[in-house]
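Asker: Below are the sequence and a predicted model; questions follow.
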Number of protein chains: 2
Amino acid sequence: MAKAPVLTPQADDFPRWYQDLINKAELADNGPVRGTMVIRPYGYGLWERMQADMDARIKAVGAQNAYFPLFIPQSYLTREAEHVEGFAPELAVVTHGGGKELEEPIVVRPTSETIINEYFSKWVQSYRDLPLLINQWANVVRWELRPRLFLRTTEFLWQEGHTAHATQEDAREFASRIQYDVYGDFMENVLAMDVVPGRKTVKERFAGAINTLTLEGMMGDGKALQLGTSHELGQNFAKAFNTSYLSKEGTQEHVWQTSWGSTTRMIGALVMMHGDDNGLRVPPRLAHVQVVVLAIKDDEAVVAKVREVGEKLRAAGLRVVVDDRTDTPFGRRAVDWELKGVPLRVEIGPRDLAGGTAMLARRIPGGKEPVSLDALDTVLPKALEEDQARLLQESRDRRLSRTVDVATVGEAVEAAADGWARIPWADLGAEGEAKLAEQGVSVRCLVAEDGSVPVADDAPGTVAIVARAY
Amino acid sequence: MAKAPVLTPQADDFPRWYQDLINKAELADNGPVRGTMVIRPYGYGLWERMQADMDARIKAVGAQNAYFPLFIPQSYLTREAEHVEGFAPELAVVTHGGGKELEEPIVVRPTSETIINEYFSKWVQSYRDLPLLINQWANVVRWELRPRLFLRTTEFLWQEGHTAHATQEDAREFASRIQYDVYGDFMENVLAMDVVPGRKTVKERFAGAINTLTLEGMMGDGKALQLGTSHELGQNFAKAFNTSYLSKEGTQEHVWQTSWGSTTRMIGALVMMHGDDNGLRVPPRLAHVQVVVLAIKDDEAVVAKVREVGEKLRAAGLRVVVDDRTDTPFGRRAVDWELKGVPLRVEIGPRDLAGGTAMLARRIPGGKEPVSLDALDTVLPKALEEDQARLLQESRDRRLSRTVDVATVGEAVEAAADGWARIPWADLGAEGEAKLAEQGVSVRCLVAEDGSVPVADDAPGTVAIVARAY
């Protein structure tokens, strides 16, 4: 008799598989208020590693961290017309504080452009104060009617960068640097995710931006997920909040701005990009647990050995957990670590010990093989590097094999049932985009023929990437 | 003519000095919603260093980070009677979300005991699941009628730890370990703050706790500030949320719990403990900028040298900023770095360069002296270690010299005008405590004769530390 699967198989019901995995791998639970989530320690460990790596990249491009208030006066939101129109339907509003009704209602930040511009307008006086490059790690709230853990939650965690520059060129270059050096490079080289850099159409832009740059990833079911966006805000917020500076030439000028964000949604992407029917597969460079060393049986020599091996591997620079909880059956523990996607399992029982070996189980390519105990500290780092590369390759292969060139809206909709479609933007246009929308399909981004990001929507040779999206 | 002071002198008006320093050192600004604050990059840099050090300590005692929702159903708060009574007057309430009035109002978390117990009650099943040791870094909101930056703000940042244990003894030991190994050791050895560990009286306990442990520091004006508390919650929340486990013996038992928190208030303490009339003085082990290397003049060789020295000191493991902004007058930049409390300034001009020296300005003891450029990487680390020790010694000397033993409530009130009073708790008691409160004086904590923390309020020889407090 075949074992019952631990998760609903992907092929049977992808959304259900996703929900099962999030629960059983103990990544997150639903919160009591609709759309909120509890990020459990194993899931939060992934976020902490993402934060640490991204934070170093953000600092490397010159931005400094700061913290702005959660609460924004409602009146701020209304100062930039497109911005309030975009966010009004998603706001959570505080009407009572300290036991009294408030004179002016307060909005829980859905994003911080408005409150940050209020302070930028005080802090920026002269060209000497520019560029001003600020980032914050924070929670934000956007009321969500169809929540899904990590992908769309009423409250989520993110970093939001906000910058002010003397010229449009400087702002444009900075937004692009974030898209490539901070987000793109991180997703590709740490998360092992194939992502496509592009620009959003006017319809899909951030509310208040003059241009939105995006990175789009193809999930295991062929749908697209937007991961990290970088916006040129032009002078829209600068004019609304009068953020201006005295130039070298003695004239008063409005600043040019950018904002950019990446969120806990990246954890959802990790699951849908790398997960399989046995659970998550965590890219080794990200993994907060790269190796788990398991004692198969409650045997004194075995338990001593797994602890010793754990120490040795830690000394070799690996991130290791020793699992000597022999009061829980070995099979159950092995399945749990598999669900959690720990790249390597080193399993040691009395027989292995006698032979001077351990069984090495590799989560990413699959399979088990015995390895000499003495060789673990050289074999494991090599396996981790191979597995990192393999995940990226798999995700790239998926996108390439499931993307097709099409010529009509009808063909695009058909292709989007199973993957992505590419269609010349000159042939599709805003009208075609509206027709796609009626079928639940959207233009994920515009790219140039050579894969670079076009400088304008109507640049010759611009191609639209079309897909269903999360 | 004497220069006008940069800050209101401490002796003239301590609260005004504090406010001036926070503004001019660019630590924080008031937020637009009453009681909220904007933590500026220099202030946030202090918090980031606090977080990193504390986080390592929290992990070292075995706790894991997680994240629970900002929004708590109002009904959760009411389940623990003392807890709701304590927090009800301070709540911010969300009544509208996504454009509609909510069926049940939502509270913005003032602390997370209730929502965390809701999940602990699901996650804890067996004695194998204990102890469960969770921490989160988050923002919380407590409506503040008399706000003061960092000390009392409507929104503040903190870490809150929440643990569940099989026995009362285990919970008690863990709460004590947090008080000493995490908070006390950090404050003394990183923040260079003299702090007194003690237990709170019943009147001063956390709402819902059976015992609160505290660390109290004496500020520059002789007042006390509570810094980091660790609570034994007994089984109060466990019973309210039915958080129970199956024991080894097969019986169903409620868990014993702790919670513990430390906040951005520590930045305010840093200012009031170590600041002087010229600004902040940051303890070297905490400082995100330990050394600033300043170019005195816009001279090519000078600018090249400060950059070279900066690189050399970074290579020696110091945290360094190079200030070559020669379009701003040197004197103004020097005053700014002094205000910000950077421990060491290395100032280089053409004459220094000619002599192969730099001028070393030491913020903590004060004074300037020339140092050979070649000797900087050996002289500076030594100076930083000396200055770290000096700050701790100064704060300890202050407390010892401004604490007096008294015998009556009247004497205690008199002593509290300038410092702290010690009075046997058996002589004071709850009745004396109430009389002190009428004069705006409180029992900060109870300590044993030998400086340890008494196991009970009525332990023989227990002494009350009495003071005015922030």
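Answerer: Now that the structure is in, tell me what you want to look at.
Asker: Just give me the neighbour total for the residue of the stretch 301-450 of chain A found nearest chain B.
Answerer: Residue of the stretch 301-450 of chain A nearest chain B, by CB to the nearest CB: residue A:327 (6.6 Å). Just so you know, the C-beta spots here come from the backbone N, C-alpha and C atoms, and that holds for glycine as well. Neighbour count for residue A:327, taken as other CB atoms under 10 Å in any protein chain shown: 9.
Asker: again with residue A:6
Answerer: By other CB under 10 Å, neighbour count at residue A:6 equals 16.
Asker: ditto for residue A:159
Answerer: Count around residue A:159 with other CB under 10 Å applied: 21.
Asker: try residue A:291
Answerer: Counted with other CB under 10 Å, residue A:291 comes out at 27.
Asker: and if you look at residue A:135?
Answerer: By other CB under 10 Å, 25 other residues sit near residue A:135.
Asker: which parts of stretch A:165-177 are buried?
Answerer: Within stretch A:165-177, the residues that qualify as buried are A:165, A:166, A:170, A:171, A:172, A:174, A:175, A:176, A:177, counting by 16 or more other CB atoms under 10 Å in any protein chain shown.
Asker: Find the residue closest to the second one in space, skipping its chain neighbours.
Answerer: Taking CB to CB, 6 or more residues apart in numbering or on different chains as the measure, residue A:166 lies nearest to residue A:130, with 4.7 Å between them; neighbours along the chain are not counted.
Asker: Read off the pLDDT value for the one you found.
Answerer: With respect to pLDDT, residue A:130 has a value of 98.
Asker: correct me, but it touches residue A:124?
Answerer: Yes. Counting by CB atoms under 8 Å, residue A:130 does reach residue A:124; the two are 6.7 Å apart.
Asker: overlap in contacts of the two?
Answerer: Overlap of the contact sets of residue A:130 and residue A:124 (by CB atoms under 8 Å, 6 or more residues apart in numbering or on different chains) consists of A:164, A:245, A:255.
Asker: Same list, those, but only the ones touching chain B.
Answerer: Of the residues in the shared contacts of residue A:130 and residue A:124, proximity to chain B by CB under 8 Å from any CB of the partner chain holds for none.
Asker: So which of these are in strands?
Answerer: Counting by DSSP state E, those place A:164, A:245 in strands.
Asker: Mind checking which of the buried residues of stretch A:165-177 are in helices?
Answerer: Using DSSP state H, the members of these that fall in helices are A:170, A:171, A:172, A:174, A:175, A:176, A:177.
Asker: residues in contact with the residue of the stretch 301-450 of chain A closest to chain B?
Answerer: A:298, B:128.
Asker: related to what we said a few turns ago, list, out of the ones in helices among the buried residues of stretch A:165-177, those positioned next to chain B.
Answerer: Answer for those near chain B: none qualify (CB under 8 Å from any CB).
Asker: where does the closest residue to residue A:122 other than its chain neighbours land in three-state SS?
Answerer: Sequence neighbours aside, residue B:29 is the residue nearest to residue A:122 in space, at 7.7 Å (criterion: CB to CB, 6+ apart). Judged by DSSP: H, G, I helix; E, B strand; the rest coil, the three-state class of residue B:29 is strand.
Asker: Look up which residues are beta-bridged to residue B:29.
Answerer: Beta-bridge partners recorded for residue B:29 (DSSP bridges): residue B:38.
Asker: so who does it touch?
Answerer: A:119, A:122, B:23, B:37, B:38, B:40.
Asker: Could you work out the most separated pair of those?
Answerer: A:122 and B:37 (14.2 Å; CB to CB).
Asker: thinking again about what came up before, I'd like to know which of the shared contacts of residue A:130 and residue A:124 is nearest to residue B:11.
Answerer: For the shared contacts of residue A:130 and residue A:124, the nearest to residue B:11 is residue A:245 (38.8 Å; CB to CB).
Asker: tell me, how many neighbours does the closest one end up with?
Answerer: Residue A:245: 22 neighbours (other CB under 10 Å).
Asker: Repeat that for residue A:432.
Answerer: Residue A:432 is flanked by 18 other residues according to other CB under 10 Å.
Asker: need the contact list for the residue in the stretch 151-300 of chain A that chain B sits nearest to.
Answerer: Relative to chain B, the nearest point of the stretch 151-300 of chain A is residue A:155 (5.3 Å; CB to the nearest CB). Applying CB under 8 Å, 6+ apart to residue A:155 gives the contacts A:31, A:35, A:36, A:37, A:139, A:140, A:141, B:69, B:70, B:71.
Asker: Report the spatially nearest residue to residue A:428, omitting neighbours in sequence.
Answerer: Residue A:428's closest residue in space is residue A:464 (CB to CB, 6+ apart), at 5.2 Å.
Asker: quick one: which helix or strand includes the most centrally placed residue in chain A?
Answerer: Nearest to the mean C-alpha position of chain A, by CA atoms, centre = their mean, lies residue A:266 at 2.1 Å. Using DSSP states H and E, residue A:266 sits in helix A:265-274.
Asker: so what does that helix touch, helix or strand wise?
Answerer: Packing partners of helix A:265-274 (3 or more CB pairs under 8 Å, 6 or more residues apart in numbering or on different chains; DSSP states H and E): helix A:14-24, helix A:41-60, strand A:211-218, strand A:224-234, helix A:376-401.
Asker: strands paired with the next helix or strand after it, and their directions?
Answerer: The C-terminal neighbour of helix A:265-274 among helices and strands, as given by DSSP H and E, is strand A:291-295. Strand partners for strand A:291-295, identified by DSSP bridges, are recorded as strand A:320-323 (parallel), strand A:344-348 (parallel).
Asker: chain center to the last one, what's the gap?
Answerer: The reference is to strand A:344-348. Here strand A:344-348 is found 29 Å from its chain centre; the criterion is CA atoms, centre = their mean, to the nearest Å.
Asker: Could you give the average pLDDT over that strand?
Answerer: Mean predicted confidence for strand A:344-348 is 98.
Asker: Briefly note if the helix or strand of chain A with the lowest mean pLDDT comes near chain B.
Answerer: Lowest by mean pLDDT, DSSP states H and E among the helices and strands of chain A is helix A:81-87, with a mean of 88. No. Using CB under 8 Å from any CB, helix A:81-87 stays clear of chain B, coming no nearer than 11.1 Å.
Asker: re the thing from before, state the mean pLDDT of the helix holding residue A:266.
Answerer: 98.
Asker: Quick one: residues in contact with it.
Answerer: So helix A:265-274 is contacted by A:18, A:21-22, A:27-28, A:43, A:46-47, A:50, A:148-151, A:156, A:187, A:191-193, A:217-221, A:225, A:227-228, A:280-283, A:286, A:341, A:391, A:394-395, A:470 (CB under 8 Å, 6+ apart).
Asker: which of those residues are buried?
Answerer: Counted by 16+ other CB under 10 Å, these give A:18, A:21-22, A:27-28, A:43, A:46-47, A:50, A:148-151, A:156, A:187, A:191-193, A:217-221, A:225, A:227-228, A:280-283, A:286, A:341, A:391, A:394-395, A:470 as buried.
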